[in-house]
Structure formats: structure tokens, C-alpha cells
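Visitor: When you get a sec, could you give me coordinates for this:
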Amino acid sequence: MKNFIFIILSVVLLASCAARTPAVAPQAASTYDQSWSAAVDALRVQGVRITSQDREAGIVEGVSKGITISANIKTQADGSVRAQFNTIGTTNSDPGLIRRITKSYNSRVGQ
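Guide: Residues are numbered from 1 along each chain as shown. As a prediction, the model looks like this:
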């Protein structure tokens, strides 16, 4: 009789355990897409004329006031996406351009 009660209690306890579905992080593709769009938009909003885009390579290049700007979007090993903005040449004609582009990008990705 004790074994029977033990078995019944064990079955009831096991049945009451809820299986939890693990939280799923956003897919890398949608995170990449969001970052890509945010980078392109940030450049355009800040007056950069886009001269080339290679979405697969994650590179956008453009020009503003004689300054060449590149945005590099890369998916990292942990699935997060990194955006990096660089200038080529002097920024004397617009020293705050990269700061404004970065701020525009961050506001678009919610940072």
C-alpha cells in the first residue's frame, strides 16, 4: 500500500511540473537587418550621399562635404551585431559628422 501511494504521489508531482520554454533571442538575421537599415538611414539623415552598398559584406560607403564615410555591420559570434563608422581623410569640413551619425544610428536601434 505504501508503494502504491508513493507511485501515485510521484505521478501527480511529475505531472504538475510545468515545462518552461526558454526565451528565444531575436534571430541574427532580423537584428542584422535592423542594424543595416539603421546604418543606411543614419548616413542619409546626416547628409551623406551613399556611393556604394554591399549588404552581404556589411559595408556602406558615402561622401559628405568631401569626407568619405564607411559603415561596417558585422554579426558577431554571440549573435549580436556590431556597427562601426569610419572616415577616410580629413574631417575638418565637418568635425562632428561621425558623432552625429553614431547618435542617429543608436536612436534607430534603440540604444
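
Visitor: if we look at the helix ranked longest in the chain, which residues are touching it?
Guide: Across the chain, the longest stretch assigned as helix under DSSP state H is helix 28-45. Residues lying outside helix 28-45 but in contact with it, judged by Cβ atoms under 8 Å, 6 or more residues apart in numbering, are 50, 53, 55, 58, 60, 62, 69, 71, 73, 75, 79-81, 83, 85, 101-102, 104-105, 108-109. Every C-beta, even on glycine, is put in place using the N, C-alpha and C of the backbone.

Visitor: Could you give me the buried positions within that helix?
Guide: Judged by neighbour count (16 or more other Cβ atoms under 10 Å), helix 28-45 contains these buried residues: 31-32, 34-36, 38-40, 42-43.

Visitor: By pLDDT, give me the weakest of those.
Guide: Ranked by pLDDT, the buried residues of helix 28-45 bottom out at Thr31, which has 89.
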